[in-house]
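Chemist: generate coordinates for the sequence data below:
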Amino acid sequence: MLKEFKDFIMTGNVVEFAVAVIMAGAIGAVVTGFVNNIVMPFVGHFSGGMDFADKKYVLDEAIVDATGAVTTPENAIMWGSWINTIINLLIVGLVMFMIVKAYNKMKKPAEDAPAGPTDNELLMEIRDALKK
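Modeler: Below is the predicted model:
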């Protein structure tokens, strides 16, 4: 059973899938950093200095005691963070599209199948077979 498991794990598909998952995680981290540190400042600049990450709709305010310590944190819908996530998704989709497009361009074109007999050659073979 251990040998079968080893054979299964070492097949090309499993190893390729593992590499793809690891690469997707790394690409996701890079794209998230790109969105948060490069794209969103531009979006904020062109939208009048707005930072989407801080945008929220507060359902319940935080409760603070007399010493200033928060006893109950606020309950809020973080819609700005959601907008950042949507932008992140669009950029990840664009990056993945470009990677797949480049991969497809780099792939060798499939070699043409060997040419079979032409229609005339097939008809001549049939004729010869009928003559016999």
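
Chemist: would you map the helices across the chain?
Modeler: For the chain, the helices defined by DSSP state H occupy 2-9, 12-34, 40-46, 79-106, 119-131.

Chemist: contacts for the first one next, please.
Modeler: Translated: helix 2-9. With contact meaning Cβ atoms under 8 Å, 6 or more residues apart in numbering, helix 2-9 is reached by Val14, Val15. Where C-beta positions appear, they are placed from N, C-alpha and C, glycine not excepted.

Chemist: and it, how far out from the chain middle?
Modeler: Offset of helix 2-9 from its chain centre (Cα atoms, centre = their mean, to the nearest Å): 29 Å.

Chemist: average pLDDT for that helix?
Modeler: Confidence over helix 2-9 (mean pLDDT, whole number) is 79.

Chemist: next, the angle helix 12-34 makes with it.
Modeler: Between helix 2-9 and helix 12-34, the angle comes out at 50 degrees (axes from the mean of the first three to the mean of the last three Cα atoms, to 10 degrees).

Chemist: quick revisit: closest to Thr67 out of the helices of the chain?
Modeler: Checking those against Thr67 by Cβ to Cβ gives helix 79-106 as the closest, at 29.8 Å.

Chemist: what is the closest one packed up against?
Modeler: helix 12-34, helix 40-46 (3 or more Cβ pairs under 8 Å, 6 or more residues apart in numbering; DSSP states H and E).

Chemist: would you turn those helices into TSV with mean neighbour count?
Modeler: Shown next, in TSV, are the helices and strands packed on helix 79-106 (neighbours: other Cβ atoms under 10 Å):
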stretch	mean neighbour count
helix 12-34	11
helix 40-46	13
